[in-house]
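Visitor: Need coordinates for the below:
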Amino acid sequence: MNQKKTLQELTFKDNFMFCAVLLDPINCKGVIERSIGTEIERVEVSKEKSIVYNPEYRGVRLDAYAKDEHKTRYNIEMQILSKPALQKRARYYHSQIDMEILLTGVSYEDIPNTYVIFICDFDPFGEGKYRYTRRAICKEVPELEMDDGAYTIFLSTKGSNEDEVPEELVKFLKFVGEQSSDSDKDYDDAFVKRLQDSVKDVKASREMGARYMTFQELLKDEREAGRAQGKAENVLELLRELGDVPQELEKRIMDEKDLSVLSTWLKYAAKTETIDEFISKM
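Guide: Next up is the predicted model:
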């Protein structure tokens, strides 16, 4: 089992630290500008959607969400480990942002541009690039860009094409890929130095220490809830082999969160020959 990191052991790329540092609008603005390669005037960080800011937020959000002066939306997520279907996850995030905007009464033609940005501590496509930008194009006319306003950017700390991207992006991504939690390495970059100082400020904050403890508890609760749901589904799968499962029984099984109870029910389901027999043993 992996040991949990203490707040002092976190680096910028650890999800909690990443979110905490990007709550600062100046930090968030700088990360966005380096990601998209364009300067923006200002950003407004959506603190109420961050588990770092609001421990009552249900569903542990591990990304940063902001908008700029043109109402362009930015969803930024740190990816330490390679996960499947990264591009489809980006599609999901774009759809969630669009739906949220449309629910406020905005018409389709007024939907602002959206950026989904993944900062990856690995090369997501194996081409040695520091930055991969996805835009919709027409298959029949490749030079024709389908300007739907949705942009997806994948940054990689494992890039090797320094001559093709701005130096400030390379320095930022080398900082992101840093392994040491107490590194004071000089990257000769004022923005990176600001991020290093922000990491130190988070570690020195008692308030952030308390929030980190809450964050860890919520992660634990989510993992246990996921295991409970998996066990409940296994119980139902076995019972369905015996016949139709009454709705009331299905609900009781799915509502149970105690893993020891679910483990007992799973054993019963594996050994009983009828649903009635299973119910009698519960």
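Visitor: And the lowest-mean-pLDDT helix or strand in the chain, how far out from the chain middle?
Guide: Within the chain, no helix or strand scores below helix 206-240, which has a mean of 86 by mean pLDDT, DSSP states H and E. Remark: helix 206-240 is offset 16 Å from the chain centroid, using Cα atoms, centre = their mean, to the nearest Å.
Visitor: do stretch 114-122 as well
Guide: 10 Å.
Visitor: Please apply the same query to stretch 186-193.
Guide: Worked out by Cα atoms, centre = their mean, stretch 186-193 lies 26 Å from the chain centre.
Visitor: still on that earlier bit, same for the least confident helix or strand of the chain, what does it pack against?
Guide: helix 15-22, helix 247-255, helix 259-271 (3 or more Cβ pairs under 8 Å, 6 or more residues apart in numbering; DSSP states H and E). The C-beta positions use only the backbone N, C-alpha and C, and glycine is treated the same way.
Visitor: Looking at those helices, spot the one closest to residue 202.
Guide: Of all the helices and strands packed on helix 206-240, helix 15-22 sits nearest to residue 202, with 4.7 Å by Cβ to Cβ.
Visitor: and that closest one, C-alpha only, in PDB?
Guide: Taking C-alpha atoms only, helix 15-22 is exported to PDB below (Å, rounded to 0.1, in the frame of the first residue of the first chain):
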ATOM      1  CA  ASN A  15      -3.100  17.400  -7.200                       C
ATOM      2  CA  PHE A  16      -3.800  19.200  -3.900                       C
ATOM      3  CA  MET A  17      -0.800  21.500  -4.100                       C
ATOM      4  CA  PHE A  18      -1.500  22.200  -7.800                       C
ATOM      5  CA  CYS A  19      -5.100  23.300  -7.000                       C
ATOM      6  CA  ALA A  20      -4.000  25.300  -3.900                       C
ATOM      7  CA  VAL A  21      -1.400  27.200  -5.900                       C
ATOM      8  CA  LEU A  22      -3.700  27.900  -8.800                       C
END
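Visitor: after it comes which helix or strand?
Guide: Next in sequence after helix 15-22, counting helices and strands by DSSP states H and E, comes helix 25-36.
Visitor: mind listing what's buried in that next one?
Guide: 27-36 (16 or more other Cβ atoms under 10 Å).
Visitor: Show me the shaky parts of the chain.
Guide: 1-3, 48-62 (pLDDT under 70).
Visitor: related to what we said a few turns ago, most neighbours per residue, which of the helices and strands packed on helix 206-240?
Guide: helix 15-22 (a mean of 24; mean count of other Cβ atoms under 10 Å).
Visitor: now it against helix 206-240, angle please.
Guide: 140 degrees (axes from the mean of the first three to the mean of the last three Cα atoms, to 10 degrees).
Visitor: Run through who's touching whatever helix or strand residue 117 lives in.
Guide: In the assignment (DSSP H and E), residue 117 maps to strand 114-120. Contact with strand 114-120 is made by 13, 31-32, 35-36, 72-79, 82, 86, 90, 93-94, 97-98, 124, 149-157, 173, 176, as judged by Cβ atoms under 8 Å, 6 or more residues apart in numbering.
Visitor: angle of it against helix 15-22?
Guide: Calculated by the same axes, to 10 degrees, strand 114-120 forms an angle of 130 degrees with helix 15-22.
Visitor: Direction included, what does strand 114-120 pair up with?
Guide: strand 73-79 (parallel), strand 150-156 (parallel) (DSSP bridges).
Visitor: ok, the residue lying closest to residue 177 once chain neighbours are set aside to residue 123 distance?
Guide: Spatial nearest neighbour of residue 177, excluding adjacent residues (Cβ to Cβ, 6 or more residues apart in numbering): residue 157 at 3.4 Å. According to Cβ to Cβ, to the nearest Å, residue 157 stands 9 Å off from residue 123.
Visitor: just residue 13 next, same as before
Guide: 15 Å.
Visitor: and what of residue 244?
Guide: 50 Å.
Visitor: ditto for residue 168
Guide: Residue 168 is 20 Å from residue 123, by Cβ to Cβ.
Visitor: Ok, residue 140 next?
Guide: Applying Cβ to Cβ to residue 140 and residue 123 gives a distance of 30 Å.
Visitor: for residue 176, same thing?
Guide: Taking Cβ to Cβ, one finds residue 176 at 13 Å from residue 123.
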